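Engineer: Next one to model:
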Amino acid sequence: MDTLNTNDAALQEKLSFDHFRKEVLKDYRFACESRETSLLGRKEVLTGKAKFGIFGDGKEVAQVAMAKFFKAGDFRSGYYRDQTFMFASQLATVEQFFAQLYADPNIEHDPFSGGRQMNAHFATKTVDENGNWLPLAHKKNVSSDIAPTAGQMPRGLGLAFASKIFRNVPELQELKELSNNGNEVCFCTIGDASTSEGHFWETINAAGVLQVPLAIFVWDDGYGISVPRKYQTTKGSISEALKGFQKKEGTNGIEIFRVKAWDYAGMCEAFEAGIRAIRLTHTPVLFHVEEVTQPQGHSTSGSHERYKSSERLEWEREWDGIKKMKEWIIDNSLASEEELNEIELESKDFIRSSRNQAWEKYQAPLKIQVTRSVEHIREMAGHLPDQAAELQAIATELASNREPGRKEVLKALHQAMGLAGGDSLVAQSTREYYQGLKKENAALYNTHLYHEGARNIGRVEEVKPVYAENAPLINGYEVLNKYFDELFTHNPKVLAFGEDLGKIGDVNQGFAGLQARHGSDRIFDTGIRELTIMGQGIGMAFRGLRPIAEIQYIDYLLYGLEPLSDDLASLQYRTAGKQTAPLIIRTRGHRLEGIWHSGSPMGMIIHSLRGLHVCVPRNMVQAAGMYNTLLQGADPALMIECLNGYRLKERLPSNLLDYYVPLGIPEVIREGEDITIVSYGATLRIVQEAALALERHRAPAVIALADIDPAAGRDLRQHLAGGVGLSA
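Structural biologist: Okay, here's the model as predicted:
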């Protein structure tokens, strides 16, 4: 019996060692493959096959260690250096990476963006074609990357905060497909230089206050492009600068770990302990990953030899993470040098093969277009002897282009048609082919700014408010208060938060008393931090909730504009419809009095927030109907309530949750025959007064008055033409 137990123990130890060895060698292979991807990717840019490249070389070992603790249900909110993490998490292939580098618009080849983002900007699918949420709790999730430095931080806060909401709100416990009791961690990555951004500091502070499961990995390679760390960060160390945030017994705050990018075993140990604690306690953690190397410099736009000393370059070669991991494996007898050399050779072959496959798939449809275009142009040349030489030259130039793009194809066809004459019958078939290509390109590049499936907001049909005979006449803010009360009673996914929103019920009392009725986990206050209020809302909406994030006055929207413009507004477009975050931002203004608390920066809003619906209701009954419409859809939106309408009297509808105001369709307030005046929001009442005055002075004139959403972009002539003199 003793012998058997001993043998069993020896067998278990051997199996455990074999498993450990296998995992280590798998990680080494991922690191080698990722390094080769970076090296070959840079060559593809320098030879002209790609326009620009940015790579994660030097971070390979840290990221394979990080990926070991990324589980189903977790989210990544990262930046454009995380290719190794994606490979090791098996969320991206090398072939897909190169397809994105070439900007292949085929969504099957580049599943992250369909060629709409530059390389290393990743995403996973979160909704189906009809806007229904996929089982996020059972899959590894990546929120779509953006290029603005530190832009991923506010969204990361929101993704982590959603876990806290799922854990603390009883009404959400049944949503098992979206969360496993809030055990999910958001992995947020950032370069050390970008910790100088206000986004980083505001997120750190909010995370420390809120206590959310956020794991922040700071890749510290000592530089921000060419600017050394001593000019970037107080004390030259972000972990030293953050010591005041360190959590102590009886306080909130964050935990801080310092690790070395070349220390595979040390990082695995630190990451495992830190992330286990995050899942359990929801205490945010910052991992300061120091001594990162950058073998190829910042990007393909320049050489790091211009600003790094020869001593620094030599140090980077000596302390390269892959080199040190190889030494550690050999020193611990996990593999021989020959075995590791074989892995390196196999990695080179695999990367070249993946690159070739990606390039061939990208070029295949272009080659067909070139062949057909050349045929069309040469056919025209046969019918046009005077232009034949020039047409043949265009065809020859296109045919000889070794790496043509869609631009070159369309340019050649356009030139040829110009020579043939725009209306020439000879050019008819060429013209039809040209128009077909333009239509194809529009589908590839000009879709999914808004949701295009079943939850398209444009499909919501109008349902008018119903009034009882004895419907009370109450203040506008009371209409909203009663509406929000019913909404929170019947829709557990809805949450609202912002400055002074919870305890006092917002500065204009739309939420007065509702925190006491529906709980402080669903209606709550925040600090004065508009940037991360927006990020909080984006992350929560990204995870299947329906947050209403409040900006107290529209003038303050500037503080939160960057994540709305760079992140939220383009989310569906840059993922080709694979992701959405139907956040509703609630604010107030449009009073046109004073300068600081009553503005109407509509030009800025509609030009910087394409991808959001912008609603400016003329009264609070209409606002409630617009909220209902937005909650039926899968798009984000900005709701601007009229600041001087809260105390105007309105009748209370009896179908508060069941009427819908369609967006983008003018509502004719008063019909006429001579003049059409288009207005919206607070100014509509002024126009109404002007219409009455004009009617008194010019009795024969009849004025039509319409109220529209100014940012809807619908053609007024489509709705108001026919017997009406139009003036907008």
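
Engineer: Ranking helices and strands of the chain by mean pLDDT, which lands last?
Structural biologist: helix 716-720 (a mean of 38; mean pLDDT, DSSP states H and E).

Engineer: Mind jotting down where the strands sit in the stretch 251-400 of the chain?
Structural biologist: Applying DSSP state E, counting those that start in this stretch to the stretch 251-400 of the chain gives strands spanning 255-260, 285-290.

Engineer: how far does the first one sit from the chain's center?
Structural biologist: So that's strand 255-260. 28 Å (Cα atoms, centre = their mean, to the nearest Å).

Engineer: That strand pairs with which strands, parallel or anti?
Structural biologist: The pairing partners recorded for strand 255-260 under DSSP bridges are strand 285-290 (parallel).

Engineer: my guess is residue 344 meets residue 32, correct?
Structural biologist: Yes: the pair residue 344 / residue 32 is scored as a contact, 5.2 Å apart, by Cβ atoms under 8 Å. For the C-beta atoms, the positions are set from N, CA and C on the backbone; glycine is no exception.

Engineer: Looking at these two, which one has more neighbours?
Structural biologist: residue 32 (23 against 18; other Cβ atoms under 10 Å).

Engineer: Next, report how far the helix or strand that one falls within is displaced from the centre of its chain.
Structural biologist: Per DSSP states H and E: residue 32 is located in helix 2-46. Counting by Cα atoms, centre = their mean, helix 2-46 is centred 33 Å from the centre of its parent chain.

Engineer: packing partners for it?
Structural biologist: Other elements packing on helix 2-46 under the criterion 3 or more Cβ pairs under 8 Å, 6 or more residues apart in numbering; DSSP states H and E are helix 60-67, helix 83-88, helix 94-101, helix 321-331, helix 337-383.

Engineer: related to what we said a few turns ago, out of the strands of the stretch 251-400 of the chain, flag the one nearest residue 218.
Structural biologist: Nearest of the strands of the stretch 251-400 of the chain to residue 218, taken as Cβ to Cβ: strand 285-290 at 5.2 Å.

Engineer: Can you name the residues in contact with the closest one?
Structural biologist: The contact list for strand 285-290, computed with Cβ atoms under 8 Å, 6 or more residues apart in numbering, reads 59, 62, 204, 214-220, 237-239, 242, 254-261, 267, 270-271, 274-275, 277-278.

Engineer: Mark which of those are buried, thanks.
Structural biologist: Burial by neighbour count, 16 or more other Cβ atoms under 10 Å: within the contacts of strand 285-290 this picks out 59, 62, 204, 214-220, 237-239, 242, 254-261, 267, 270-271, 274-275, 278.

Engineer: how about the strands of the stretch 251-400 of the chain in TSV, adding distance to residue 20?
Structural biologist: As requested, those are exported to TSV (distance: least, Cβ to Cβ, whole Å):
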stretch	distance to residue 20
strand 255-260	20
strand 285-290	22
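
Engineer: Save these as JSON lines, and put in distance to residue 418 and mean pLDDT too.
Structural biologist: Below are the strands of the stretch 251-400 of the chain laid out as JSON lines (distance: least, Cβ to Cβ, whole Å; pLDDT from 0 to 100):
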{"stretch": "strand 255-260", "distance to residue 418": "62", "mean pLDDT": "98"}
{"stretch": "strand 285-290", "distance to residue 418": "57", "mean pLDDT": "98"}
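
Engineer: Show me the strands in the stretch 501-650 of the chain, by range?
Structural biologist: 523-525, 546-550, 584-589, 613-615, 637-642, 649-651.

Engineer: Strand partners (parallel or antiparallel) of the fourth one?
Structural biologist: By that I understand strand 613-615. Strand 613-615 pairs in its sheet with strand 637-642 (parallel), by DSSP bridges.

Engineer: Nearest residue to residue 504 in space, please, no chain neighbours.
Structural biologist: Leaving aside its sequence neighbours, residue 504 sits nearest to residue 512 (Cβ to Cβ, 6 or more residues apart in numbering; 7.4 Å).

Engineer: Count the residues that sit near the one you found.
Structural biologist: Neighbours of residue 512 using other Cβ under 10 Å come to 17.

Engineer: Over to residue 247?
Structural biologist: Neighbour tally, residue 247, other Cβ under 10 Å: 17.

Engineer: mind pulling up the phi and psi values for it?
Structural biologist: The phi/psi pair for residue 247 (degrees, to the nearest 10) reads phi -70, psi 140.

Engineer: how about stretch 106-116: buried residues?
Structural biologist: 107, 109, 110, 111, 112, 113, 114, 115, 116.

Engineer: what residues are up against residue 474?
Structural biologist: 649, 650, 652.

Engineer: okay, the residues you listed in TSV with distance to residue 553, pLDDT and neighbour count next?
Structural biologist: TSV is the format used below for those (distance: Cβ to Cβ, whole Å; pLDDT from 0 to 100; neighbours: other Cβ atoms under 10 Å):
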residue	distance to residue 553	pLDDT	neighbour count
649	23	97	12
650	22	97	21
652	26	98	19
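
Engineer: Name the nearest of the residues you listed relative to residue 172.
Structural biologist: Using Cβ to Cβ, these come closest to residue 172 at residue 652, 29.8 Å.

Engineer: shouldn't the closest one be in contact with residue 480?
Structural biologist: No: Residue 652 lies out of contact with residue 480 (Cβ under 8 Å); the separation is 10.8 Å.

Engineer: returning to what we had before: where helices are concerned, which of the buried ones among the contacts of strand 285-290 count?
Structural biologist: Within the buried ones among the contacts of strand 285-290, residues falling in helices by DSSP state H are 62, 204, 238, 239, 267, 270, 271, 274, 275, 278.

Engineer: Cool, thanks, talk later.
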